[in-house]
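1. Sequence plus the predicted model coming up.
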Amino acid sequence: MSVFNEQPPLINVKKFSLWLKNNYPFLKTKNFKLLRLNSERDINFLIKFNENKKYVVKISNPKESLKQLEYQDLLIQHLRSNRQLKEIYPKILHKKILFYEDNKNRVCAVRLLTYINGNMYAKSKINTSIEKSLGKLLAIQSKQLNSFMHSQAMRIFDWDPSNIIWVKKFLSLFSGFKKDVIIESIKQHELFVQKNKKNLKHSVTHGDPNDYNIVVKNEKIVGLIDFGDSIYAPSINDLAIALSYSLTQSQNLFDTLNNIVGSYNKIYPINDDEIYSLFSLIKSRLVITLVMAAKQRKKYPDNRYLSISEKNAWLLIFKLNKIDPYFFIAVIRSICNKEPIGNFSQRLDLLKSQKFGNIFDFDLNDVNKKIVNFDKSSILLKSNPSNFRLNNLVKKFLKNDIGIGLYKEKRKVYKSNHYISSLNPSKRRDIHLGIDIFIDETTPIRAPLNGKVVILHNNDFKYDYGPTVILEHKISTYKFYTLYGHLSKKCLKKLKVGQSINKGDWIGEIGGYNVNGNWPPHLHFQIMTSLLSEVDNFPGVGEEYLLKIWEQISPDPNIILKIPKTFFTNKSKILNVLSKRKKNIGLNLSISYEKPLHMLEAKDQYFYDENGRKYLDCVNNISHVGHSNSYVHEALVNQNLKLNTNTRYLYDIINEYSERILKTFPKKLNRIFFVCTGSEANDLALRIANNYTKANHILVMDNAYHGHTNSLIDISPYKFNSKGGEGKKDNIHILRMPDEIRGKWNAKNSKWINNYTNEALEFINEMFLKKYSLSSFFFESILGCGGQVVLPKGYLKKIVKLVRKNNGLCIADEVQTGFGRVGNYFWAFEEHGIVPDIVTLGKPMGNGHPIAAVVTTEKIAKSFNNGMEYFNSFGGNPVSCAVGNAVLDVIQNKNLQKNAKNVGNYFINKLQKIKKKFPKYISKISGRGLFIGIDLIENSNFDLPNQKLATKLINTLRLKGILLSTDGPYNNVIKIKPPLVFNKDNVDYVCSEINNFLLHENKK
Ligand SMILES: Cc1ncc(COP(=O)(O)O)c(C=O)c1O
């Protein structure tokens, strides 16, 4: 027989009052009343003299062991020895435990304690402060109990939520839904508590911090009473038990958990294992309450105390039953300031490091996309359309573009009760956890990485997912999941749960309105780091107030889709940008393409525009080592945060960089002047040359462009001979461009090079032998604006020799061609076996940062030092030098000169093949490395440069995501000069599209 089977003591109050007076001297002379207090198995009285003087006398169940009672006394004393707890527990007033014979002559132990004034938690209006105080007190208590041990605590006890297997015997007391809930809770107990119990920190526990054992006063907990259930058990039991009562009083479960668990954790941190078991411990305690109530009600139908909590317990367990235990764990982890999903950062990094395949048969970044908003700003939802009408509205809105529904968008479309938050019914689940891709019905969907099918289910409810596939992916030791919702029914037939799936495998197709849960056709794509306990569905929306948790359960699906970030953040639209530009900025800045591009970001050899569309950059040679290079960026930022000034102060980086860059030149070229742009470099070179030679006549190549300043327009036939140009000045002398296609002498003439060379030599002699004093000869080794024309072998060598003979300086403009672009050489002039007197650098030098330079000989530099200071506010500043240095690092570290050679040769060879195929349209492939030109003609006629075709080609390829430009005197040359990170796949793509274009032209 135990205390639970033995009837509580039967007491004659009058007789007992007398006994009290006789046995406790301080009560002898007093007049007091005995008021019965609630108890399950004992009899407790409140002894009341007046409002302030109250005591409690506890008459224990006759079956209660004395040792157990002595243990409880010791326990209270231990707890009271903690300063913070002293007032929380009653003071023991008896010196030793006395005994009293009840009406049935059973011997009952009697103890006398102080009474703690206040209201029971169960009867109080609970607020945040009380809940926080409870959490704090439970934590201090647990901490204090950790240093207490007693053999009496070692017992098996039915009210212990860490062991409820015994309740299985009583399942017959329940039926229907209630029984299901109890069975489900026991199952969870086995998994979350039993299996984990050995990992749980154990100690003596209070055992019963229920809402009738917690005393509240002045908005805080002032007492914790009744140690009758104290046992050695998992320390976290007490928190779970307290929650199983306090949550019954709460409308907002999350806030209560946050208050109680949060403040507990602050004082006595809860570890991962404890968090893992907490939810099930709460439910287990509720199960005990429910089983006990059902059991005892039969036996003692009059004992009100037994069933007092039953109703509340049912209500709470029903609520908790709606919460996924793994989600609850994540919530508690978050409350305890842990990552909601264990090792989340590590998992995320791992996921991000994967190479994903496309979800569709094409790259989502190769198409124009539009954002489909379903939030309160949504135009589509403005008229509050039915889902049927929404279907049509979306179709109309998108036209031919693909729609993107946003991750973490607070949506207005989830209206049913299904979306009420289980942890706080005043909130809803309305934050979208996936990315929607609105695309045509039947579009096939492919796995972005290897995995297996874990969920395959038709969630066939209005506004649900319809047919759904969830794949499991194992990466290292972690599992990830990807969800595909709103599919057609095909996947249900073609796939099987457990089936292995390879990256790229077909896993379903987009479902139509009638099968996909009644939505416009789209894919809901979501990533999960945990499947929670889901078996055929998964939440696609979460609560805003729990977003920190949802973000880790379902991180941004764009990790896999890789749509550029700016697509989501951009607010400005192309027409707006264009009209503002026209309003504010000089109109002779040209804009590429018939349909201008509004670029939002770029990386390596790719641009991304406002439609989130990717463009392969084949023309921006300034971004030499790739767009947005992080190494160069860091060098810039680091130096900018340290020091940026001008050359009038000493700093190391200018020396370091100068030494490095001069090493790339022939020894003779050993002095450098820093400027900011190619134009500045050429202007300075011109000044140096004029100063050195005391002359001002300049020799230039036809079609050359050397910069935009006054002095450089004068030496750029490309400019002064075109629209708006003022023609050639008298001191400028032009050499005919050796054009093997349609020049005075073409390649059909075996002596064409000699003819050009001899004509040039004659011209130089004629002009400068007697007539004019020559300052310099300006040249590019490959004429960019001339149409990527490589100067023929031997030509430059002879001209340079004669120029020098006429006292002129030779100035190589390497602004376009330098820094390894031509592949075989770092500088394009090297191919010609010459050493110029001056070399000018620019464009790629800073990968977009304005840095340029003039390199010359010691002698020439010395002569320029004529008393007039050369000062440049920005040229050669520490930041620019750091950037230049970093660019050299990347060229070296990534072997970019070699890449230019290999990929360039590959490109030229492929283009030669296309030329062979289309002699009607291509006359010549010119260039070196990744500085290439395609000369387009009409009808196989070399003399008919085809500007129209060139323009059409670049505009057509722009629509295919390829950026090219045209140049040359007839604008018929396709110019190719991509960032040097360009690869062979890029070449293949460009060539296949050029091929397609020409094929198409040919058919017309
Ligand atoms: C060969 C050549 N030299 C000089 C320049 C002028 O450089 P910047 O535009 O940096 O002034 C250019 C610009 O396109 C160029 O192509």
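-> Cool, got the structure.

2. The stretch 301-450 of the chain: strands as residue ranges?
-> For the stretch 301-450 of the chain, the strands defined by DSSP state E, counting those that start in this stretch cover 369-371, 402-405, 429-432, 435-438, 444-446.

3. helices or strands up against the second one?
-> By that I understand strand 402-405. With contacts defined as 3 or more C-beta pairs under 8 Å, 6 or more residues apart in numbering; DSSP states H and E, strand 402-405 has these neighbours: strand 369-371, strand 435-438, strand 522-528. Heads up, the C-betas are built off the backbone N, CA and C, glycines and all.

4. of all the ones you listed, which lies closest to the ligand?
-> In terms of C-beta to the nearest ligand atom, the element of the helices and strands packed on strand 402-405 nearest to the ligand is strand 369-371, at 33.5 Å.

5. where does the chain come near the ligand, residue by residue?
-> Residues of the chain that fall close to the ligand, judged by C-beta under 6 Å from any ligand atom: 677-679, 682, 705-708, 780, 784, 813, 815-816, 842-843.

6. So which of those residues is the closest to M528?
-> Closest approach to M528 among the residues of the chain next to the ligand (C-beta to C-beta): K843, at 47.2 Å.

7. Near the residue of the chain found nearest the ligand, how many other residues are there?
-> The ligand sits closest to G678 of the chain, with a gap of 2.3 Å, by C-beta to the nearest ligand atom. A count of neighbours around G678, defined by other C-beta atoms under 10 Å, yields 26.

8. My read is that it contacts A852, right?
-> Yes: look at G678 against A852 with C-beta atoms under 8 Å: they come within range, at 5.4 Å.

9. returning to what we had before: mind listing what the residue of the chain closest to the ligand touches?
-> Counting by C-beta atoms under 8 Å, 6 or more residues apart in numbering, G678 touches 706-707, 813, 815, 840-843, 852.

10. And the pLDDT at it?
-> On the pLDDT scale, G678 is placed at 98.

11. need the helix or strand of this protein with the lowest average pLDDT.
-> One helix or strand of the chain scores below all others by mean pLDDT, DSSP states H and E: helix 304-307, with a mean of 60.

12. what about F254, how many neighbours?
-> 18.

13. ok so, going back, dump the helices and strands packed on strand 402-405 into a markdown table; add mean pLDDT as well.
-> A markdown table is the format used below for these (pLDDT from 0 to 100):
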| stretch | mean pLDDT |
| --- | --- |
| strand 369-371 | 97 |
| strand 435-438 | 98 |
| strand 522-528 | 98 |
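
14. got those strands as JSON lines, with mean neighbour count columns?
-> What follows is these, written out as JSON lines (neighbours: other C-beta atoms under 10 Å):
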{"stretch": "strand 369-371", "mean neighbour count": "17"}
{"stretch": "strand 435-438", "mean neighbour count": "25"}
{"stretch": "strand 522-528", "mean neighbour count": "25"}
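
15. got TSV for those strands, with distance to N899 too?
-> As requested, the helices and strands packed on strand 402-405 are arranged in TSV below (distance: least, C-beta to C-beta, whole Å):
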stretch	distance to N899
strand 369-371	31
strand 435-438	35
strand 522-528	34
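
16. Let's verify the nearest residue to A747 once chain neighbours are set aside: helix, strand, or coil?
-> Leaving aside its sequence neighbours, A747 sits nearest to E740 (C-beta to C-beta, 6 or more residues apart in numbering; 3.9 Å). Look at E740: counting by DSSP: H, G, I helix; E, B strand; the rest coil, its state is coil.

17. which residues touch E740?
-> By C-beta under 8 Å, 6+ apart, the contact set of E740 is 746-747, 752, 792, 924.

18. Out of those residues, which sit inside helices?
-> Judged by DSSP state H, those include W752 as members of helices.

19. of the contacts of E740, buried ones?
-> 746, 752, 792, 924 (16 or more other C-beta atoms under 10 Å).

20. So for stretch 139-148, mean pLDDT?
-> For stretch 139-148, mean pLDDT rounds to 97.

21. please renumber so the chain begins at 33
-> Sure thing, new numbering starts at 33, so read that last one as stretch 171-180.

22. could you dump it to PDB, C-alpha only?
-> In PDB, the C-alpha atoms belonging to stretch 171-180 read as follows (Å, rounded to 0.1, in the frame of the first residue of the first chain):
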ATOM      1  CA  ALA A 171      16.500  28.100 -12.200                       C
ATOM      2  CA  ILE A 172      18.000  29.200  -8.900                       C
ATOM      3  CA  GLN A 173      16.200  26.200  -7.300                       C
ATOM      4  CA  SER A 174      17.600  23.700  -9.800                       C
ATOM      5  CA  LYS A 175      21.000  25.200  -9.300                       C
ATOM      6  CA  GLN A 176      20.800  24.900  -5.500                       C
ATOM      7  CA  LEU A 177      19.400  21.400  -5.700                       C
ATOM      8  CA  ASN A 178      22.400  20.400  -7.800                       C
ATOM      9  CA  SER A 179      24.500  20.400  -4.600                       C
ATOM     10  CA  PHE A 180      22.100  18.200  -2.600                       C
END
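
23. Identify the bridge partners of I730.
-> Beta-bridge partners for I730, by DSSP bridges, are I764, S808.

24. Make sure it is actually in contact with I766.
-> No: counting by C-beta under 8 Å, I730 stays clear of I766, with 9.8 Å between them.

25. So which of the strands of the stretch 333-482 of the chain is nearest L348?
-> The nearest among the strands of the stretch 333-482 of the chain, by C-beta to C-beta, is strand 461-464 at 20.7 Å.

26. Give me the distance between L352 and P1001.
-> Counting by C-beta to C-beta, to the nearest Å, the gap from L352 to P1001 is 80 Å.

27. buried residues in the longest helix anywhere in the chain?
-> Scanning the chain for the longest helix, with DSSP H as the assignment, gives helix 304-331. Neighbour-count burial for helix 304-331 flags 305-328 (criterion: 16+ other C-beta under 10 Å).

28. same deal with stretch 1022-1036?
-> 1022-1023, 1025-1027, 1029-1030, 1033.

29. quick revisit: okay, and which of the buried ones among the contacts of E772 map to strands?
-> Counting by DSSP state E, the members of the buried ones among the contacts of E772 that fall within strands are K956.

30. Could you list every helix and strand in contact with the one helix or strand V669 maps to?
-> Secondary structure from DSSP states H and E places V669 in helix 662-674. Contacts defined by 3+ C-beta pairs under 8 Å, 6+ apart place helix 662-674 against helix 910-925.

31. Give me the distance between A792 and E863.
-> For A792 relative to E863 (C-beta to C-beta), the value is 18 Å.

32. what about these two, which has more around it?
-> Set A792 next to E863 and count neighbours by other C-beta under 10 Å: A792 wins out with 22 against 19.

33. Name the nearest residue to that one, ignoring sequence neighbours.
-> In space, A792 is closest to L767, 4.8 Å off (C-beta to C-beta, 6+ apart).

34. Count the neighbours of the one you found for me.
-> So L767, with other C-beta under 10 Å, has 22 neighbours.

35. Next up, the contacts around it.
-> Here L767 is in contact with 731-734, 792, 795, 831 (C-beta under 8 Å, 6+ apart).

36. What's the separation between it and T561?
-> 68 Å.

37. low-confidence ranges in the stretch 533-682 of the chain?
-> By pLDDT under 70, the stretch 533-682 of the chain has no low-scoring segment.

38. Dump the buried ones among the contacts of E772 into CSV; add pLDDT and distance to Y451 as well.
-> Below are the buried ones among the contacts of E772 laid out as CSV (pLDDT from 0 to 100; distance: C-beta to C-beta, whole Å):
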residue, pLDDT, distance to Y451
N778, 93, 76
W784, 96, 79
P824, 96, 75
K956, 97, 66
